[in-house]
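Colleague: Based on what follows, work out the 3D shape:
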Amino acid sequence: MNVLAMDTSLGALSVSVRCGPPSALRRADACEVLSSGHAERLVPMVADVMAEAGLEFPHLQRVAVTLGPGTFTGVRTAIATARAFRLATACDVVGMTTLALMASGAFASGVPPAGRLLMIALDARRGGLYVQTFAGDAEAPLGPPVELTADEAVASLAGRPAAVVGSGVPHVIDAARRLGADVVPCSAPDTPSAAHLADLAPGLAPLRDIVPLYVRPPDAKPQIGKSLARSA
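Modeller: Sure thing, here's the model as predicted:
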């Protein structure tokens, strides 16, 4: 299957392509640490990776994206691009949440140690963490993605031993020490991997509606009483 995968949800931009038959699969990957400018860099990076893999856009069969949570603009960048590719090429679009993709990558690399839950914790700024906890594999979450403080994240484990992965690790470990909880840090990437998403994409169900996942409400609020009345 000819697959393009993209992630723009957090502090990196990554793009991956898998194409050709299984016996002669071609792979191309690119990743940049990027705190801003995802929208400007994404399409040029896609073009470069597609060219490296020798895949032309009319032959694209599936696009995979991370759906969030993450930065508001970052999440929307990859999703809007996936929608455009589907419109232009009639390809399928598939997706995974940021936290589930990171959990899948951690489990694939042997994290967590036996007998521990896996908590993915991303620093959401302003004292919050995007958190989801898994038991056994990425398809077995103990609940939906939520925004919690570090203390709340540790309390949500209800005394069960866990390993934590993600940019929120220092906050969770500090809270675990204060609360006397059995939580250990694990070495794993702090951002989702488009390369891993590309490997998983053939087994994901196509999405009819490509909807971003926002755990935190948008900061922008409508100004009450400031709107103009519509003309009849």
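
Colleague: from here on, contacts and neighbour counts on C-alpha atoms
Modeller: OK.

Colleague: doesn't residue 138 make contact with residue 100?
Modeller: Yes. In this structure residue 100 lies within contact range of residue 138 using CA atoms under 8 Å: 5.7 Å.

Colleague: what about the two, which has more around it?
Modeller: residue 100 (24 against 19; other CA atoms under 10 Å).

Colleague: and for the helix or strand where residue 81 lies, what are the contacting residues?
Modeller: Assigned by DSSP states H and E, residue 81 belongs to helix 72-89. Contacts to helix 72-89, defined as CA atoms under 8 Å, 6 or more residues apart in numbering, come from residues 6-10, 38-39, 42, 57-58, 60, 63-69, 91-93, 210-212, 214, 218.

Colleague: Determine the set of other helices and strands touching the following helix or strand past that helix.
Modeller: Per DSSP H and E, the first helix or strand lying C-terminal to helix 72-89 is strand 92-96. Judged by 3 or more CA pairs under 8 Å, 6 or more residues apart in numbering; DSSP states H and E, strand 92-96 is in contact with strand 62-66, helix 72-89.

Colleague: Could you give me the ChimeraX selection string for whichever of the contacts of helix 72-89 are buried?
Modeller: A single ChimeraX command selects the buried members of those (16 or more other CA atoms under 10 Å):
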select :6,7,8,9,10,38,39,42,57,60,63,64,65,66,67,68,69,91,92,93,210,212,214
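
Colleague: can you list the domain ranges for the protein.
Modeller: If you go by automatic domain parsing, the domain ranges for the chain are 3-97+191-203, 110-185.

Colleague: got those as TSV, with mean pLDDT and distance to residue 104 columns?
Modeller: Formatted as TSV, these follow (pLDDT from 0 to 100; distance: least, CA to CA, whole Å):
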stretch	mean pLDDT	distance to residue 104
domain 3-97+191-203	95	8
domain 110-185	95	5
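
Colleague: Restrict the helix holding residue 81 to CA atoms and write it as CSV.
Modeller: The C-alpha trace of helix 72-89 is given here as CSV (Å, rounded to 0.1, in the frame of the first residue of the first chain):
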residue,chain,number,x,y,z
PHE,A,72,-4.3,24.1,18.2
THR,A,73,-2.6,25.2,15.0
GLY,A,74,-0.3,22.2,14.8
VAL,A,75,-3.1,19.6,15.0
ARG,A,76,-5.1,21.5,12.3
THR,A,77,-2.2,21.8,9.9
ALA,A,78,-1.8,18.0,9.2
ILE,A,79,-5.6,17.4,9.2
ALA,A,80,-6.3,20.2,6.7
THR,A,81,-3.5,18.9,4.5
ALA,A,82,-4.9,15.3,4.7
ARG,A,83,-8.3,16.6,3.7
ALA,A,84,-6.8,18.4,0.7
PHE,A,85,-5.0,15.2,-0.4
ARG,A,86,-8.2,13.2,-0.1
LEU,A,87,-10.0,15.7,-2.2
ALA,A,88,-7.3,15.7,-4.8
THR,A,89,-6.4,12.0,-5.1
